[in-house]
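Asker: Quick check, what structure comes out for this input:
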Amino acid sequence: MSARNKEIVRKVNAVFAEGKFEGFLSFCDEDVEWTIVGDKVVKGREAVRQLMQSMAEESAEPPRFFDVDVVIGEDDFVVSHGDMTMKDKHGRTVPYSYCDIYRFRGEKIAELRSFIAKTEAKLETSRSA
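Answerer: Below you'll find the model as predicted:
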């Protein structure tokens, strides 16, 4: 089960980074709950859809995942950690580190808990140094 769920998380990251929010939502349970720790909690697929649309309107482009460090899966849980960039409302590219914890119910995401922290300027090449 965890191997299948890890593959779903890889697909989720890919469609989310392409701005294909409906693709992301297709992996979610109807009553999915998404907690962005320290910011907000949204419940239900429609509420998640609205959150994603508002995020897209603020940044004008989807987040860009350029370094996924770890994807770990066990039982109904998958953890994904890495770095990404997002545009702020002023159009500046801002670097972040993230850790997402997914809980699955069957083959659907029932819960997503996201820890997102703004980081110092971190370029894609920083990992190779």
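Asker: Could you use CA atoms for every contact and neighbour count after this?
Answerer: Noted.
Asker: As a check, name the ranges of all strands in this protein.
Answerer: For the chain, the strands defined by DSSP state E cover 28-36, 40-43, 64-74, 77-87, 93-105, 108-118.
Asker: Quick one: list the elements packing against the helix or strand bottoming out on mean pLDDT in the chain.
Answerer: Across the helices and strands of the chain, mean pLDDT, DSSP states H and E gives its lowest value to strand 64-74, namely a mean of 77. Using 3 or more CA pairs under 8 Å, 6 or more residues apart in numbering; DSSP states H and E, the elements in contact with strand 64-74 are helix 2-17, strand 77-87.
Asker: and of the ones you listed, who's closest to Ile36?
Answerer: Ile36 lies closest to strand 77-87 among those, at 14.3 Å (CA to CA).
Asker: So what's the model's average confidence on that closest one?
Answerer: The average pLDDT for strand 77-87 rounds to 89.
Asker: Show me what that strand packs onto, helices and strands only.
Answerer: Where contact means 3+ CA pairs under 8 Å, 6+ apart, strand 77-87 is packed against helix 2-17, strand 64-74, strand 93-105.
Asker: Need the CA coordinates for the shortest one. PDB is fine.
Answerer: Provided in PDB are the C-alpha atoms of strand 64-74 (Å, rounded to 0.1, in the frame of the first residue of the first chain):
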ATOM      1  CA  ARG A  64       7.900  25.200  -8.600                       C
ATOM      2  CA  PHE A  65       9.200  22.100  -6.800                       C
ATOM      3  CA  PHE A  66      12.900  21.800  -7.700                       C
ATOM      4  CA  ASP A  67      14.100  19.500  -5.000                       C
ATOM      5  CA  VAL A  68      12.200  16.700  -3.400                       C
ATOM      6  CA  ASP A  69      14.600  15.300  -0.800                       C
ATOM      7  CA  VAL A  70      12.500  12.500   0.700                       C
ATOM      8  CA  VAL A  71       9.300  10.600   0.000                       C
ATOM      9  CA  ILE A  72       8.600   8.100   2.800                       C
ATOM     10  CA  GLY A  73       5.600   5.900   3.000                       C
ATOM     11  CA  GLU A  74       4.300   3.500   5.700                       C
END
